[in-house]
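Student: structure here, sequence nowhere to be found:
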């Protein structure tokens, strides 16, 4: 399972300042630097033309940048940005306006793209770093966002609103559809563990030792030595922050599959049987990368037969290279997964607030997966995402300045092709920019 990450082009700085005249959008991009412009200002204006496809990346970027982000890749990123936010219009701000590095904001038709830029004086002042961290919507609306979500290929569901009280969600669509979660299912494992700890059945400091059986990446714990002593807190932190699969499976072994499934039921999940038996990450990898007959039988069987199959899942033994090769292509058996609706996940957040030890929320906040300015309106941001080919889920728990908890959940399934993480994360930022 892959850890969900933020959209970026290359590493750079934060954002802010220095306005551009309102009629700047009518001025064609300069082909040469003027006497009044700094090298940084000139390159920043070129970014506007570049995003619109009016310049070639080779004219703007350093060789090192192009090695990291080839022209075709940058063109795809630009098409994605303009598809979501319209044409780039002008440099909104550049702070400072000279030097070699600055915060950059680009005004687009539907958003202000904020990030950073750097130039390399040893490479004709070409752009060596460029990052768009966040997108502040201009004249956006729930209807426009929902139309963009509905137009994504495959099945998509979404839900954003307070998790308690009578208020309806601000935006919701197909919120009862059961869609695969990828690694977001690990929130159910965290919920089961954190409830046990809140009830005094376990402690975060309890120590377990790693056994022989390991899962496949993401994560690092698959490479730790046998018998390594780790606390439940360490396992949970790695499971959520870097989506460590071996940490996850170890916790499922400690808690028991049935106990995690019971947390699914108790959280108010509308179709808990879809997760019976509760898969470990290793199970999922071996089912999909293993013998086709076994996978076919598992897909067609009831929970009792499925449980029997999982008892012998380690035979035949599959090397990591085989599993990695299988998952390097397109979607595979997306019905062999963990399932929840967007509304179920909002219910899980509500359930955890009522039953989980508070440290669970500290763990969820380790990797919030939102740029700093998008987090500024919230006193708390917790996150878990998940993906595999054809599957993507993004789930946030957010607390506003008045202390009200909100959930933002986006799920996407496409059995025919891989899905685009960047596209969904950009929409998430637009949703969070809506007035509440």
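Tutor: Now that the structure is in, tell me what you want to look at. Everything numeric here is computed off the predicted structure, so don't read it as measured data.
Student: going forward, measure contacts between C-alpha atoms and count neighbours the same way
Tutor: Noted.
Student: what mean pLDDT does the helix or strand containing residue 46 get?
Tutor: When secondary structure is defined using DSSP states H and E, the element that contains residue 46 is helix 39-51. For helix 39-51, mean pLDDT rounds to 94.
Student: residues making contact with whichever helix or strand comes after it?
Tutor: Next helix or strand after helix 39-51 toward the C-terminus (DSSP H and E): helix 63-68. Contacting residues not belonging to helix 63-68 are listed as 10, 57-58, 127-129 [C-alpha atoms under 8 Å, 6 or more residues apart in numbering].
Student: what about helix 63-68, average pLDDT?
Tutor: Averaging pLDDT residue by residue across helix 63-68 gives 95.
Student: and residue 283, how many neighbours?
Tutor: A total of 21 residues lie near residue 283 under the criterion other C-alpha atoms under 10 Å.
Student: now it, what's its secondary structure?
Tutor: With DSSP: H, G, I helix; E, B strand; the rest coil as the basis, the three-state label of residue 283 is helix.
Student: pLDDT score assigned to it?
Tutor: With respect to pLDDT, residue 283 has a value of 97.
Student: likewise for residue 19?
Tutor: Model confidence at residue 19, expressed as pLDDT, equals 25.
Student: one more: residue 425?
Tutor: 89.
Student: now swap in residue 197 and tell me
Tutor: For residue 197, the model assigns a pLDDT of 98.
Student: and it, how far from residue 229?
Tutor: The span separating residue 197 from residue 229 equals 19 Å under the rule C-alpha to C-alpha, to the nearest Å.
Student: more crowded one of the two?
Tutor: Residue environment comparison for residue 197 versus residue 229 gives the larger neighbour count to residue 197, 19 against 13, counting by other C-alpha under 10 Å.
Student: what about the helices in the stretch 51-200 of the chain?
Tutor: Using DSSP state H, counting those that start in this stretch, the helices of the stretch 51-200 of the chain run over 63-68, 71-85, 142-150, 186-198.
Student: quick revisit: of the contacts of helix 63-68, select the buried ones using a PyMOL command.
Tutor: Buried residues within those, as defined by 16 or more other C-alpha atoms under 10 Å, are selected in PyMOL through the command that follows:
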select buried, resi 57+127+128+129
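Student: what is the nearest of the contacts of helix 63-68 to residue 423?
Tutor: Within the contacts of helix 63-68, distances to residue 423 taken as C-alpha to C-alpha reach their minimum at residue 10, with 17.2 Å.
Student: domains for the protein, by residue range?
Tutor: Following automatic domain parsing, one finds the domains of the chain at 22-137, 142-180+339-433, 203-326.
Student: put together a markdown table for the ones you listed, with distance to residue 193 on each row.
Tutor: Written out in a markdown table, the entries for the domains of the chain read as follows (distance: least, C-alpha to C-alpha, whole Å):
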| stretch | distance to residue 193 |
| --- | --- |
| domain 22-137 | 34 |
| domain 142-180+339-433 | 8 |
| domain 203-326 | 7 |
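Student: please name the nearest non-neighbouring residue to residue 436.
Tutor: residue 170 (7.5 Å; C-alpha to C-alpha, 6 or more residues apart in numbering).
Student: need phi/psi at the one you found.
Tutor: phi -60, psi -40 (degrees, to the nearest 10).
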